[in-house]
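Engineer: With the input below, show me the fold.
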Amino acid sequence: MTDAPLIAILDDEPQIRRLLSHALEQAGFRTQSFARATEFEAALRRITPDACLIDLGLPDRDGLALVHRLASESGAVIIIVSGRAQVQDRVTGLELGADDYITKPFEPAEVVARIRARLRRPAQGAASRPRTLRFAGWSADFDRYLLTAPDGTETPLSHAEAEVLRLFTDNPRRLITRAQMLETLGGTAGDSFDRAMDVRISRLRTKLGEDPKNPRLIKTIYGAGYIFLAEIT
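Structural biologist: Down below sits the predicted model:
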């Protein structure tokens with residue numbers, strides 16, 4: 001199936017790579033595995049993975065720095081798979097642009113389920129939606145994962161940021177609750193999901209030049225959710 005999503009696996013443990021590759025290929029995905037960050041980064045010049053599974057404990061590169069680069073330059077889903085189980089590691093990974101964080105040891109079925117949730121099929125009618133939208137002088141290109149400011153400055157969007165922005169632009173001037181975010185974006189209810197949403201919205205606000213104390217575009221309704229205030233054109 002050449003059109004099956006491609007999952008890149010970066011982990012220095014051979015048994016982990018084999019375990020993940022087998023589970024994902026059994027689920028219908030294509031995979032490519034790498035033991036070192038240098039091999040992975042070289043491969044990115046010729047492949048475009050739909051999702052990347054990244055271990056943080058790499059022998060030749062800081063895994064968090066690699067996550068940050070991928071989030072800045074790629075539209076791929078980024079899922080950290082790491083033995084680091086501290087809350088601060090999870091928070092840092094999400095803040096640097098990861099879409100999800102799975103701790104070792106893990107169940108392969110859980111990894112497959114989380115990737116499926118992130119790479120879910122577009123909702124009915126999504127193919128007819130405009131791929132470039134304009135609002136308040138800004139332009140968002142969801143094919144190129146690119147945000148363009150009123151002065152023409154271009155800023156890349158991570159996959160996670162683009163998902164949230166698309167949800168907002170699909171529902172302008174309407175309250176978006178955490179429950180709606182969970183249903184639309186996928187994930188597991190709880191503090192980790194809430195923290196991930198907070199991080200993504202904070203990064204979006206920064207890229208949109210928002211004043212965190214008085215945002216003009218993404219308004220927080222405390223205890224309820226968010227409202228995207230711009231008109232979409």
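
Engineer: all helices for this structure, in order.
Structural biologist: Remark: helices assigned in the chain by DSSP state H are 14-26, 37-43, 63-73, 87-95, 108-118, 159-170, 178-185, 191-207.

Engineer: Now tabulate the ones you listed in TSV and tack on mean neighbour count, mean pLDDT and distance to residue 221.
Structural biologist: C-beta: built from backbone N, CA, C; applies to glycine. Listed next are the helices of the chain as TSV, based on neighbours: other C-beta atoms under 10 Å; pLDDT from 0 to 100; distance: least, C-beta to C-beta, whole Å:
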stretch	mean neighbour count	mean pLDDT	distance to residue 221
helix 14-26	16	96	39
helix 37-43	16	94	41
helix 63-73	19	85	27
helix 87-95	18	82	22
helix 108-118	17	89	26
helix 159-170	21	88	13
helix 178-185	16	83	11
helix 191-207	17	81	12
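
Engineer: Need those in TSV (columns: distance to residue 152).
Structural biologist: Output for those, formatted as TSV (distance: least, C-beta to C-beta, whole Å):
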stretch	distance to residue 152
helix 14-26	40
helix 37-43	30
helix 63-73	19
helix 87-95	28
helix 108-118	31
helix 159-170	19
helix 178-185	30
helix 191-207	15
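
Engineer: Residue 52: which of those is closest?
Structural biologist: Of all the helices of the chain, helix 63-73 sits nearest to residue 52, with 6.2 Å by C-beta to C-beta.

Engineer: Name the residues that touch the closest one?
Structural biologist: Contact partners of helix 63-73, identified using C-beta atoms under 8 Å, 6 or more residues apart in numbering, comprise 10, 37, 40-41, 52, 54-58, 76, 78, 80, 82, 92-93, 96-98, 156, 158, 160.
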